[in-house]
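[1] when you get a sec, could you give me coordinates for this:
(chains A, B, C and D)
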There are 2 protein chains.
Amino acid sequence: MMNSSLTHLCPATPIAVNQQEAANVVALHGQATRRIAEQRAQLSGSQQIAEALALVNDSLAPQRQMVRAGDVICQAGERFSCLYLLNSGFVKIVSLSSDGREQVVGLKFRGDWLGFDGIANQRYSCDAIAMDTGEVWAIRYEALLEASLRRPALLNLLHQAMSREIANDRDSLMSVCTLPADARVADFLRYWADALANRGLRTDQIKLRMTRAEIGNYLGMTLETVSRALSRLAKAGLIEFAEGGRRDILIPEVDALRSFIQGGMTQAPALLQ
Amino acid sequence: MMNSSLTHLCPATPIAVNQQEAANVVALHGQATRRIAEQRAQLSGSQQIAEALALVNDSLAPQRQMVRAGDVICQAGERFSCLYLLNSGFVKIVSLSSDGREQVVGLKFRGDWLGFDGIANQRYSCDAIAMDTGEVWAIRYEALLEASLRRPALLNLLHQAMSREIANDRDSLMSVCTLPADARVADFLRYWADALANRGLRTDQIKLRMTRAEIGNYLGMTLETVSRALSRLAKAGLIEFAEGGRRDILIPEVDALRSFIQGGMTQAPALLQ
DNA sequence: CGACCTTTTGATAGTAGTCAAATGAAGTGG
DNA sequence: CCACTTCATTTGACTACTATCAAAAGGTCG
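    Numbering: from 1, shown residues only, chains lettered A, B, ... in the order given. This is a model prediction of the structure:
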């Protein structure tokens, strides 16, 4: 429903480049690349994200689109044309196998990109579904490429985002493969807290916008197991439920979660039994 | 041991670009991008890979490096400077968590790239370890960026490779999260067979160069479970062991494996009991 | 308030992990 | 060439973790 407007209205990027500028760009690109990367490393996570968003906004005038929980940002099978940059809100990435298995394969926050999976085959391979109201910026891939030739920082941004996604996916796989259920849920909460912290948000209270079933799907376990794991973590004092509802989770110390994930339960052993 | 020579000797790329050429490149990049992508889609998998290797070879004169089983191509924590393109052989990607968990997070074949995970933080986050004799091409990332400004096809190649890796990692996660042990092992064999087929190689016999323990680690199960799963698949007639050793596996019909993965065991139900 | 969805918790079953032993394969040195 | 060591693999017995089934409680929205 919202796809059509969102996909096709991206404004063309002005390509007024004189020859001198173009030549300079080519020559400077390599050195600039490293300098840019090192500059970025000095910024905090939220500063990096804000800067990245600003750069994209200035260079590309992306098509902004409000989304509400449940909206489909891009759909598996749909022809690839745009990448999406999440300015606010929260998105889940869902993969559907040929035989009908459905799997949440990723979660995206402010500053994350969506749609990289579409580049290879010119079709998206996953659905991206908003879990909350927010704003996504649609960026025509070809416009992005063109702009990135004039702005080394833009190409860097793109590659860093893709690289981060690859590293992130591997972490997910590691978590699913090596951790027992309770630790996997703890690691999920830690991941979420880190994502918030990295964006300059409070990390002690998490408002989960996913059902137990969605969390379980993402972590490769059933919703009952998620529920039991959360109960056990709460009993161990590693988390607390907010009075309002059980969707909101308080994390007194993220480090306590971390050590639980690592050691099984070297921390707080007395509390657990 | 081999790292020093491999990492530091990448030759600088010649950057003889006149201004006219540079300007043309910028203007043509966007259109060329789509045309190139569509041309590539018409080629077979092995042709695409051969063409990609040829393009990189011609554009970048990569540093070639022979590797033997066990050689470390790049190591987690090491400073990022090169991407690696696998020309022949077979490589596993191993991630090591801070608390010592070790996880095989990927397998690479001819035409696959290594090291994308290093772009984001300027350090590799995984080890890449050769499982077999082969040849890797080291490509300085900055040289690649410079060259890709002059050759749209090169940038496309890079992005497609990263995109494919992202899609691939998600498939792995889906497999681990949704399939029971036997189907996961079957899916692993199917994946391997597809990788071979995609490179124009015989797909009916697979020479596994991994121990049961490595396979189990990759699939998130114990080596005993892998062994039992293989025995059950063999009993069901879906695979056969070569007489030589149990490392070589014959797959009479890959499609039979596929339907086993999907349906549990709608195929060959009588055989299984 | 009632319909519906989510979550929790218990009881039970089943899958995969752990421990252990035996067999098989491969390389080393006498 | 064979004995011997070592590592990989298979298989069995048992345990444990997680899934499944079921019921009740908690929340949400018309």
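[2] what about the residue in the stretch 1-150 of chain A positioned nearest to DNA strand D, which SS state?
    Residue of the stretch 1-150 of chain A nearest DNA strand D, by C-beta to the nearest atom of the strand: A:Ala69 (10.4 Å). For glycine as for every other residue, the C-beta is placed from the backbone atoms N, C-alpha and C. Three-state assignment for A:Ala69 (DSSP: H, G, I helix; E, B strand; the rest coil): coil.
[3] in a strand, A:Ile249, correct?
    Yes - assigned with three-state DSSP, A:Ile249 falls within a strand.
[4] tell me the contacts of it?
    Residues in contact with A:Ile249, defined by C-beta atoms under 8 Å, 6 or more residues apart in numbering or on different chains, are A:Leu189, A:Gln205, A:Ile206, A:Leu208, A:Leu230, A:Ile239, A:Glu240, A:Phe241, A:Ala242.
[5] what's the farthest-apart pair in those?
    For the contacts of A:Ile249, the farthest-apart pair by C-beta to C-beta is A:Gln205 and A:Leu230; their separation is 14.8 Å.
[6] who has more neighbours out of these two?
    A count of neighbours by other C-beta atoms under 10 Å in any protein chain shown puts A:Leu230 above the other of A:Gln205 and A:Leu230, at 22 against 14.
[7] quick check: that one touching A:Ile239?
    Yes - counting by C-beta atoms under 8 Å, A:Leu230 sits close enough to A:Ile239 to count as a contact (7.1 Å).
[8] point out the other helices and strands that the one helix or strand A:Gly216 maps to packs with.
    Assigned by DSSP states H and E, A:Gly216 belongs to helix A:212-219. Secondary-structure packing of helix A:212-219 (3 or more C-beta pairs under 8 Å, 6 or more residues apart in numbering or on different chains; DSSP states H and E): strand A:102-108, helix A:181-198, helix A:223-235, helix B:152-178.
[9] swap the cut-off to 6 Å and go again
    Counting contacts by 3 or more C-beta pairs under 6 Å, 6 or more residues apart in numbering or on different chains; DSSP states H and E, helix A:212-219 packs against helix A:223-235.
[10] and the spatially most central residue of chain A, what does it touch?
    With distances taken as C-alpha atoms, centre = their mean, chain A has A:Lys108 as the residue nearest its mean C-alpha position (2.5 Å). Contacts for A:Lys108 (C-beta atoms under 6 Å, 6 or more residues apart in numbering or on different chains) come out as A:Leu86, A:Val91.
[11] pLDDT weak spots in the stretch 101-250 of chain A?
    Within the stretch 101-250 of chain A, not a single segment meets pLDDT under 70.
[12] now A:Arg258. Nearest residue, chain neighbours left out?
    Excluding the flanking residues, the one nearest A:Arg258 by C-beta to C-beta, 6 or more residues apart in numbering or on different chains is A:Arg190, at 6.1 Å.
[13] how close does that neighbour get to A:Asp171?
    Using C-beta to C-beta, to the nearest Å, one obtains 11 Å as the distance from A:Arg190 to A:Asp171.
[14] looking at these two, which is more packed in?
    Neighbours per residue (other C-beta under 10 Å) separate A:Arg190 from A:Asp171, with A:Arg190 holding more: 20 against 16.
[15] how far away is the more buried one from A:Val254?
    For A:Arg190, the distance to A:Val254 - C-beta to C-beta - is 6 Å.
[16] do A:Glu165 as well
    23 Å.
[17] more neighbours: those two, which one.
    A:Glu165 (27 against 15).
[18] contact partners for the more buried one?
    B:Ile166.
[19] go on, the one 5 residues further on?
    When contacts are counted by C-beta under 6 Å, 6+ apart, A:Arg170 touches B:Ser95, B:Val105.
[20] ditto for A:Ser172
    Contacts for A:Ser172 were tallied using C-beta under 6 Å, 6+ apart; they are B:Leu173.
[21] same question for A:Ile261.
    Neighbour list for A:Ile261: A:Ala183, A:Ala186, A:Asp187 [criterion: C-beta under 6 Å, 6+ apart].
[22] how about the residues of the stretch 151-273 of chain A by chain B?
    For the stretch 151-273 of chain A, the contact set with chain B under C-beta under 6 Å from any C-beta of the partner chain comprises A:159-160, A:162-167, A:169-170, A:172-174, A:176-178, A:220, A:262.
[23] buried subset of those?
    A:159-160, A:162-167, A:169-170, A:172-174, A:176-178, A:220, A:262 (16 or more other C-beta atoms under 10 Å in any protein chain shown).
[24] ok, so of the contacts of A:Ile261, who is nearest A:Ala130?
    A:Asp187 (24.2 Å).
[25] just give me the neighbour total for the closest one.
    Neighbour tally, A:Asp187, other C-beta under 10 Å: 23.
[26] just A:Glu224 next, same as before
    There are 11 residues near A:Glu224, going by other C-beta under 10 Å.
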